[in-house]
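Participant: Could you work out the structure for the sequence below:
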Amino acid sequence: MITKAQRQEAFLKELQALLNKHGAELEATESDESYGMHRGVTNISMAGVWDADDACVAEFVEFDLPTYMYPTC
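Facilitator: Reported below is the predicted structural model:
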């Protein structure tokens, strides 16, 4: 049986690998909605990438994750 600690460790390791692959940062915060209406927000940001000739090869991007994501078959 895989323990909850092992599952958590494996998930975080794979999540970190995904962030590393994309040069991404993940930040969990709260929305700017009024008291009692706010919700958790998870923001992803990826810096722009330039080549040796100083040409942009990947644009900066920042987006919020959906509020719910589930496994797909």
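
Participant: Report the beta-bridge partners for residue 58.
Facilitator: On the basis of DSSP bridges, residue 58 is bridged to residue 49.

Participant: Let me fix that, I meant to ask about residue 45.
Facilitator: If you apply DSSP bridges, the partners that residue 45 bridges to are residue 25, residue 62.

Participant: Assess the claim that it and residue 22 are in contact.
Facilitator: No: in this structure, residue 45 is not within contact of residue 22 by CB atoms under 8 Å, at 10.2 Å. (C-beta placed from N, C-alpha, C; glycine too.)

Participant: where are the low-confidence patches of the chain?
Facilitator: 37 (pLDDT under 70).

Participant: Which stretches in it count as strands?
Facilitator: Taking DSSP state E, the strands of the chain run over residues 24-30, 40-46, 49-50, 56-58, 61-64.

Participant: Redo these as JSON lines? Include mean neighbour count and distance to residue 3.
Facilitator: Converted to JSON lines, those look like this (neighbours: other CB atoms under 10 Å; distance: least, CB to CB, whole Å):
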{"stretch": "strand 24-30", "mean neighbour count": "11", "distance to residue 3": "25"}
{"stretch": "strand 40-46", "mean neighbour count": "14", "distance to residue 3": "26"}
{"stretch": "strand 49-50", "mean neighbour count": "12", "distance to residue 3": "39"}
{"stretch": "strand 56-58", "mean neighbour count": "11", "distance to residue 3": "38"}
{"stretch": "strand 61-64", "mean neighbour count": "11", "distance to residue 3": "32"}
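
Participant: Export those to CSV and append columns for distance to residue 15.
Facilitator: What follows is these, written out as CSV (distance: least, CB to CB, whole Å):
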stretch, distance to residue 15
strand 24-30, 8
strand 40-46, 11
strand 49-50, 21
strand 56-58, 21
strand 61-64, 16
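
Participant: right, and those strands - which one's nearest residue 5?
Facilitator: strand 24-30 (21.0 Å; CB to CB).
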